[in-house]
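Novice: Structure, please.
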Amino acid sequence: MEITCTICGRKYPRDGLPYLCSHCGGLYDFRDPFPFDSTHVDPAKPGIWRYGHTFCLKHDVESISLGEGNTPLLWADINGRKIAFKCEFQNPSGSFKDRGTAVMTTWLRSRNIHEAVEDSSGNAGASMAAYAARAGIKARIFVPESAGGPKRRQIEAYGAELVPVPGSRKGASKAAIEAAKKGVVYASHAFLPFNLPGYATTSYEIFEQLGNKMPGAVILPVGQGGLLLGMARGFDALRIANSIKEKSLLIGVQAFECAPLWASYTKGKEVKGLIVENQTLAEGVRVANPLRAEAVLQAVAASHGTICAVKENEIIPCRNALARFGFYVEPTSAIVLSALEKTVQNLPDPVVVILTGSGYKYDKN
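Specialist: This is a model prediction of the structure:
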């Protein structure tokens, strides 16, 4: 499973961890479908590492793990329909990001990298700080000043250097890139593809939890869209491995105040002027220019799914409603409920909703 530049086709170098192609500036990505093989799933290994054969890592590399994956799939009655909720907020640092970060930090360790920077609105930074601590890697995390207090405290508690950046989410990314230009490795969850096979394990688990059956539809938040893209590739790998014709509809959800993927998907060429980065309670999806937008949009279209945008005044009521079912999630995660209520009548069973981040990561201060 080769990693190549999406523009010039050059292979990913054997040394270092460049975040862009040095020849043309293109993004790197996996060239081929993920090689899922049920006979290679190792039940003796914990969580996502059961599927280690899909990660494009050397067989002898030591995995960096905090027990990520193997999250529960719980059912609830929503408007007369039985809906399955995948509880990703139960991952070690409190979000789905841990699946990708575990694979990312294993790549870092496999290449003898001892220091790295990352930028984040919170969850990716907290996850990177946790796994860097586990791996013995010095981490510096750039976050927008608006990032939630609990996430900032979590990053610092793991021992990472927290660097608040004034202005928008985009500013934190620029600061990390400037640091990378000075020679520090940029372990970006947005630029680099290594987290995608980790996210794909969510699909493998759902398939198993449904009794080796594909979901009819999956609803999940999208910012950069890495989770959706990884899950789409995971479902494709399952379809290839099991000769399944049916596809799972993918429903991506954004906050209306920053909804570039929704604007592109629903408005097409009329998108100009609709892409903004306003403040939103759903800070985890506040990404104005998703780097893999084209691939994400193609994955949604191929699944016959769609992208929804949720208005700000719907977010807290959705969070509160989910809590009444026992799911305590942050506002970013809660936007899925609004999308579910608006689309559920047209979705095939079983419907799976991804709850991405813990409510403990959010406060008003």
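Novice: Report how many residues lie close to Glu341.
Specialist: Using other CB atoms under 10 Å, Glu341 has 14 other residues around it. Using the backbone N, CA and C atoms, a C-beta is placed for each residue, glycine as well.
Novice: right, and it touches Asn79 too?
Specialist: Yes. Look at Glu341 against Asn79 with CB atoms under 8 Å: they come within range, at 6.7 Å.
Novice: Please give the element, helix or strand, for the most centrally placed residue in the chain.
Specialist: For the chain, Leu227 is the residue whose C-alpha lies nearest the centre (CA atoms, centre = their mean; 3.3 Å). Using DSSP states H and E, Leu227 falls within helix 226-242.
Novice: Now Pro164. Nearest residue, chain neighbours left out?
Specialist: Spatial nearest neighbour of Pro164, chain neighbours left out: Glu145 (4.8 Å); criterion: CB to CB, 6 or more residues apart in numbering.
Novice: no wait, Tyr186
Specialist: Per CB to CB, 6+ apart, closest to Tyr186 is Ala180, 3.7 Å.
Novice: quick one, what contacts the closest residue to Leu27 other than its chain neighbours?
Specialist: Closest residue in space to Leu27, ignoring its immediate chain neighbours: Thr6 at 5.1 Å, by CB to CB, 6+ apart. By CB atoms under 8 Å, 6 or more residues apart in numbering, the residues touching Thr6 are 26-29.
Novice: how is this protein carved up into domains?
Specialist: Following automatic domain parsing, one finds the domains of the chain at 73-96+193-361, 97-186.
Novice: mind giving me TSV with those and columns for mean pLDDT and distance to Ile48?
Specialist: TSV is the format used below for the domains of the chain (pLDDT from 0 to 100; distance: least, CB to CB, whole Å):
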stretch	mean pLDDT	distance to Ile48
domain 73-96+193-361	95	4
domain 97-186	93	6
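Novice: How about the secondary structure of Ala116?
Specialist: strand (DSSP: H, G, I helix; E, B strand; the rest coil).
Novice: how close does it get to Pro197?
Specialist: With distances taken as CB to CB, to the nearest Å, Ala116 is found 19 Å from Pro197.
Novice: Mind jotting down where the helices sit in this structure?
Specialist: 97-110, 123-135, 149-157, 169-181, 195-209, 226-242, 260-267, 293-302, 312-323, 331-343 (DSSP state H).
Novice: out of those helices, nearest to Arg50?
Specialist: helix 195-209 (8.1 Å; CB to CB).
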